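[1] Kindly generate the corresponding structure for this input.
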Amino acid sequence: MLQRRTETGVNEMSELPRRRPRKRLTREESRALTRARLLESAHALFAAKGFEGTSVDDIARDAGYTRGAVYSNFANKEAIMAALIRTGFEGDLAGIREMASASTLPDSAGIYRLLAERFYGNAESTLWMLEFQLAAVRHPELRDGYREQFARLRSSVAKLIAAQYEREGLPEPEQAERFAEVFIAVLSGVSLIKILDPEQVDAPLFEETFVALANGIRGVVWGGDAK
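    Coordinates of the predicted model:
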């Protein structure tokens, strides 16, 4: 309790605000927090130094833990990368779901532009995308996991294409998943140019490329432009 003097000169008692006791983490919550911090550090280090150039000790040090903390959560560095690959693809899948919610192709393309502005405005995100692709190529133990996640992304893009044609009253393309691979490959190529020559690539180019690809697919299958 503290005394404070009022304008009348009378001392009154006032209370300090009471601090709420800090909640003590359960064992599971503490483990989850440690795991999340290790993944966050690994994400940043893999982007900055590369997967090959980052050690388990680097990750532990950056996250503020011991080497033992890393191995109590992950079998090895490859297991950390595998977890990050899954997380990275979840972000891509969320973006595709958002695009699929649009009612027209231009609306989907506009959403893609916004997603591209957020993603490619962050150099670490772009470097990270390339790094986990390289890791999957160089390390067979990561390749199957990468393929599995890529298959999910390809399927989601194919569904996005099919949904647009359904809205237009057109039959679903027989090879929608092959078309999806072209979408992903071309847009990934544009992102690589963005890293090498940022002045040549801006967010509208992603939107324009997306629409051009969709129109090209429609022209090959039915003729005419996508709506």
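
[2] going forward, measure contacts and count neighbours with C-alpha atoms only.
    Fine.

[3] which strands and helices sit next to the lengthiest helix in the chain?
    Determined from DSSP state H, the single longest helix within the chain is helix 140-167. On a contact count with 3 or more CA pairs under 8 Å, 6 or more residues apart in numbering; DSSP states H and E, helix 140-167 meets helix 77-100, helix 123-138, helix 176-196.

[4] starting at the chain centroid, how far to the helix or strand immediately after the longest one in the chain?
    Remark: after helix 77-100, the chain's next helix or strand is helix 105-120, criterion DSSP states H and E. What separates the centre of helix 105-120 from the centre of its chain is 14 Å, taken as CA atoms, centre = their mean, to the nearest Å.

[5] ok, residues contacting helix 105-120?
    95, 98-102, 125-126, 164, 191, 194, 203-204, 206-208, 210-211, 226-227 (CA atoms under 8 Å, 6 or more residues apart in numbering).

[6] Can you flag the buried ones in the residues you listed?
    Among the contacts of helix 105-120, those classed as buried by neighbour count (16 or more other CA atoms under 10 Å) are 95, 99-100, 102, 125-126, 164, 191, 194, 203-204, 206-208, 210-211, 226.

[7] thinking again about what came up before, what angle sits between the longest helix of the chain and helix 176-196?
    Per axes from the mean of the first three to the mean of the last three CA atoms, to 10 degrees, the angle that helix 140-167 makes with helix 176-196 is 110 degrees.

[8] just the angle between helix 140-167 and helix 105-120, please?
    Going by the same axes, to 10 degrees, helix 140-167 makes 150 degrees with helix 105-120.

[9] Let me see the mean pLDDT of helix 140-167.
    Averaging pLDDT along helix 140-167 gives 87.

[10] Begin at 19 from now on, thanks
    Yep, numbering from 19; the last one is helix 158-185 now.

[11] Tabulate the helices and strands packed on helix 158-185 in a markdown table, adding columns for distance to Glu186.
    Shown next, in a markdown table, are the helices and strands packed on helix 158-185 (distance: least, CA to CA, whole Å):
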| stretch | distance to Glu186 |
| --- | --- |
| helix 95-118 | 14 |
| helix 141-156 | 34 |
| helix 194-214 | 16 |
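
[12] For Leu178, which of those is the nearest?
    Minimum separation from Leu178 across the helices and strands packed on helix 158-185 (CA to CA) falls at helix 95-118, 5.3 Å.

[13] what is the mean pLDDT for the closest one?
    On average, the pLDDT along helix 95-118 is 89.
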